[in-house]
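*Asks:* Got a sequence here, can you build the structure:
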Amino acid sequence: MRSFRTLVAIALVLAPLALPAQAPGDGALPPLSFLGLPAGATLRQVKQRVDSLGGRVRCDRARRDRAVLECRGVLTDPDARVPVALWLSAIDSTTGVMTLSATLSGVDFDRWRQGLTDQFGKVDARVQGAQWMLQWVRRGRMIRLTWRIEGNTKVASVSLVDGHVLDRWGADRAARRPATRREQPAADSAPAPPTPGTAPGSGQR
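*Replies:* From the prediction side, this is the model:
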C-alpha cells in the first residue's frame, strides 16, 4: 500500500531531521501547529478540529501494520474559504505525519506563509527545481511548508511530523520483525509523500 510505504519513507528520512538539540529558549514558543492542528495530535483532536471547520475525515487500518491508521479527509480554510485536503498516518491513535494541501491564490498563500513565520520565526527558504520550502524544527517535531507555482495559483502543503511518534513506531516495528530480516534494508523505502513534494535542508529555531 502506497500510503504505508510513504510512512516508512518519512520515518526513515524525516524523523532524524526532527530531533536536533532544542534551541535555547524555545520552551516559551508556541507548539508547532497549523489551522489549529498540532504536530503529534491525537485522532480525537484531529476529528474535533476537522468537524469544527466543516470537514470530514475517514480512517482505515493499514494492511501491513495494524497499529497504523491511515486517514484522509477535507476541511475548509476559515480565512481563504477554500477546501484543504488532509492526509495523516497515526500510530496508536497519535499522529506521526500529517499533511494539509490546497491550491491557493497568491494572497491566500501569503497568508499561510506569513502566519507560519509570525508564529515560528523567520527561516531561509530552500529551492529545488520549481519547488520551494520553509521548515521549522522544535522539540522533536517539525513543520514544513512546500509550494510550487501553477499558472496564477500556488499549490501548497504543510506537513507536520512528530519524530517521537515515528521513533517509537520504528523501534516497535523493528522489535516485531524476525531477526533474519532486521539486517536487510527496508523494502518499503522510497515513494514521495502525498504532497507537492519535499526538499532537503531545514530551518531551525
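*Asks:* helices and strands of this structure: which one has the lowest mean pLDDT?
*Replies:* Least confident element among the helices and strands of the chain, by mean pLDDT, DSSP states H and E: helix 2-13 (a mean of 48).
*Asks:* what about the next helix or strand after that one, distance to the chain center?
*Replies:* Where DSSP states H and E defines the elements, the next helix or strand beyond helix 2-13 is strand 33-34. Strand 33-34 has its C-alpha centroid displaced from the chain centroid by 10 Å (CA atoms, centre = their mean, to the nearest Å).
*Asks:* in its sheet, what does strand 33-34 sit against?
*Replies:* strand 37-38 (antiparallel) (DSSP bridges).
*Asks:* avg pLDDT for the strand it pairs with?
*Replies:* The average pLDDT within strand 37-38 is 96.
*Asks:* same deal with stretch 78-97?
*Replies:* For stretch 78-97, mean pLDDT rounds to 95.
*Asks:* how about the helices in the chain?
*Replies:* Using DSSP state H, the helices assigned to the chain run over residues 2-13, 43-52, 106-120, 163-176, 179-182.
*Asks:* Extract the C-alpha trace of the fourth one and format it as PDB.
*Replies:* Output for helix 163-176, consisting of C-alpha atoms alone and laid out as PDB, is shown next (Å, rounded to 0.1, in the frame of the first residue of the first chain):
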ATOM      1  CA  GLY A 163       9.700  12.500  15.400                       C
ATOM      2  CA  HIS A 164       9.000  10.900  18.800                       C
ATOM      3  CA  VAL A 165       5.900   9.100  17.500                       C
ATOM      4  CA  LEU A 166       7.900   7.800  14.500                       C
ATOM      5  CA  ASP A 167      10.800   6.800  16.600                       C
ATOM      6  CA  ARG A 168       8.600   4.700  18.900                       C
ATOM      7  CA  TRP A 169       6.800   3.100  15.900                       C
ATOM      8  CA  GLY A 170      10.100   2.300  14.200                       C
ATOM      9  CA  ALA A 171      11.500   0.700  17.400                       C
ATOM     10  CA  ASP A 172       8.400  -1.300  17.900                       C
ATOM     11  CA  ARG A 173       8.300  -2.400  14.300                       C
ATOM     12  CA  ALA A 174      12.000  -3.500  14.400                       C
ATOM     13  CA  ALA A 175      11.300  -5.500  17.600                       C
ATOM     14  CA  ARG A 176       8.500  -7.300  15.900                       C
END
